[in-house]
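**Student:** Coordinates for the following, if possible.
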Amino acid sequence: MYCAFYGFRESPFTITPNPRFLFMSAQHREAFAHLVYAVESRAGFIELTGEVGTGKTTLLRTFLNRLDSEGHRTALIFNPCLSSLELLTSINREFGLPYQNGSRMELLQSLNAFLLEQKASGRSVVLVMDEAQNLSPEVLEQIRLISNLETETDKLIQIVLSGQPELLSLLAREELRQLNQRITVRYHLLPMGFDSTRRYIDHRMELAGRYRAAEFSKSALKRIFRFSGGVPRLVNIACDRALLIGFTEEERVISGSMAARAISELLGRAPNGKSTGFLARILGLLPHRRP
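**Tutor:** Numbering: from 1, shown residues only. Here you go, the predicted model:
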């Protein structure tokens, strides 16, 4: 709605995980380096955790896109509500293997043959399980069994388990101790600080249109940072609403009062300052720590 007014080619603050908009904060760069190291060293299991909205999925999509197709075969499984058989079916389908009407043993044999073929061709195979905190212990055990597909010297598949902090508690369960002990690379993605948040906002607006198509005042930035805690998804939600308010008032500079109004609207604040409950669920996205 406001794109033409500000001169944006597209909305700068959508919440879909678009790798083109990835902003490499210090934390994201470090997380990316851990992923690269883990795959290059054939670590086997990799764990990536972080609060809701910190950019894990966008980071993972960027990471997979940057792996050269000549040297890697990759798969991303995003639906965690699977049985162990459905998981194997999904993995084989993603790798272009036979997957219909196969038993668990047949699917594993097909996958093992594929992994050995890729190993002989000098390729690494990377499987990413996103939203892994929702996986059942049965499915996680099946994932551990997949990791048993190996030669005497190398793991045949690198598996990334990515999820919210609840994944840490899940993996700490006694029945999953064998899997937990096999995770050799771990990284927890933290929210951004104030300076990174400011640069993140400028970065997205520049990619969406032109530099300083709109401008957030320092007081607006402070309010948005306090609301979001530096969580990218919440930054996007607040900035999008603030730009809409700027558009309705025909202002290209977003003031602190505009940002405050945007945040109040998002939280469903009534004129008396009390919450109406409208969009209050956004608060569930906030990190546990205070910035």
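**Student:** show me what contacts Gly246?
**Tutor:** Shown in contact with Gly246 (Cβ atoms under 8 Å, 6 or more residues apart in numbering): Tyr2, Tyr6, Ala214, Arg252, Val253, Ile254, Met258. Heads up, the C-betas are built off the backbone N, CA and C, glycines and all.
**Student:** if we go to 7 Å?
**Tutor:** Ala214, Arg252, Ile254, Met258 (Cβ atoms under 7 Å, 6 or more residues apart in numbering).
**Student:** So for the second one, what's the pLDDT?
**Tutor:** At Arg252 the predicted local confidence, pLDDT, stands at 93.
**Student:** out of the contacts of Gly246, which are buried?
**Tutor:** Buried subset of the contacts of Gly246 (neighbour count, 16 or more other Cβ atoms under 10 Å): Ala214, Ile254, Met258.
**Student:** closest to His188 among the residues you listed?
**Tutor:** Ile254 (31.8 Å; Cβ to Cβ).
**Student:** who's in contact with the closest one?
**Tutor:** With contact taken as Cβ under 7 Å, 6+ apart, Ile254 is in contact with Ala214, Glu215, Phe216, Ser217, Ala220, Ala242, Leu243, Gly246.
**Student:** Mind doing that once more with 8 Å?
**Tutor:** Ala214, Glu215, Phe216, Ser217, Ala220, Ala242, Leu243, Ile245, Gly246.
**Student:** Without its sequence neighbours, what residue ends up closest to the third one?
**Tutor:** So that's Phe216. Excluding the flanking residues, the one nearest Phe216 by Cβ to Cβ, 6 or more residues apart in numbering is Ile254, at 4.7 Å.
**Student:** burial of Arg212, as a residue count?
**Tutor:** As a burial measure, Arg212 scores 13 neighbours (other Cβ atoms under 10 Å).
**Student:** isn't Lys155 right next to Ser41, touching?
**Tutor:** No - when contacts are counted by Cβ atoms under 8 Å, Lys155 is not listed as touching Ser41 (9.9 Å).
**Student:** what about those two, which has more around it?
**Tutor:** Set Lys155 next to Ser41 and count neighbours by other Cβ under 10 Å: Lys155 wins out with 22 against 12.
**Student:** so where's the stretch 101-250 of the chain shaky on pLDDT?
**Tutor:** Within the stretch 101-250 of the chain, the ranges that satisfy pLDDT under 70 run 211.
**Student:** Can I get the contacts of Ile254 in TSV including secondary structure and distance to Leu190?
**Tutor:** Shown next, in TSV, are the contacts of Ile254 (DSSP: H, G, I helix; E, B strand; the rest coil; distance: Cβ to Cβ, whole Å):
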residue	secondary structure	distance to Leu190
Ala214	coil	27
Glu215	strand	27
Phe216	strand	22
Ser217	coil	26
Ala220	helix	23
Ala242	helix	24
Leu243	helix	26
Ile245	helix	29
Gly246	helix	30
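**Student:** As CSV, the residues you listed with distance to Arg144 would be great.
**Tutor:** Listed next are the contacts of Ile254 as CSV, based on distance: Cβ to Cβ, whole Å:
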residue, distance to Arg144
Ala214, 49
Glu215, 51
Phe216, 47
Ser217, 52
Ala220, 48
Ala242, 46
Leu243, 46
Ile245, 50
Gly246, 51
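**Student:** Quick check: the two most widely separated of the residues you listed?
**Tutor:** Taking Cβ to Cβ, no two of those sit farther apart than Glu215 and Ile245, at 14.0 Å.
**Student:** So which bits of stretch 147-158 are buried?
**Tutor:** Applying a neighbour-count criterion of 16+ other Cβ under 10 Å, one finds Ser147, Leu149, Lys155, Leu156, Ile157, Gln158 buried in stretch 147-158.
**Student:** correction: stretch 41-55
**Tutor:** Along stretch 41-55, these residues count as buried under the neighbour rule (16+ other Cβ under 10 Å): Ala43, Gly44, Phe45, Ile46, Glu47, Leu48, Thr49, Gly50, Glu51, Gly53, Thr54, Gly55.
**Student:** if I pick the last one, what's in contact with it?
**Tutor:** When contacts are counted by Cβ under 8 Å, 6+ apart, Gly55 touches Pro17, Leu22, His28, Leu189, Pro232, Arg233.
**Student:** Check the fifth one too.
**Tutor:** Residues in contact with Glu47 (Cβ under 8 Å, 6+ apart) are Val160, Leu161, Ser162, Leu167, Leu171, Ile183, Val185, Arg186, Tyr187.
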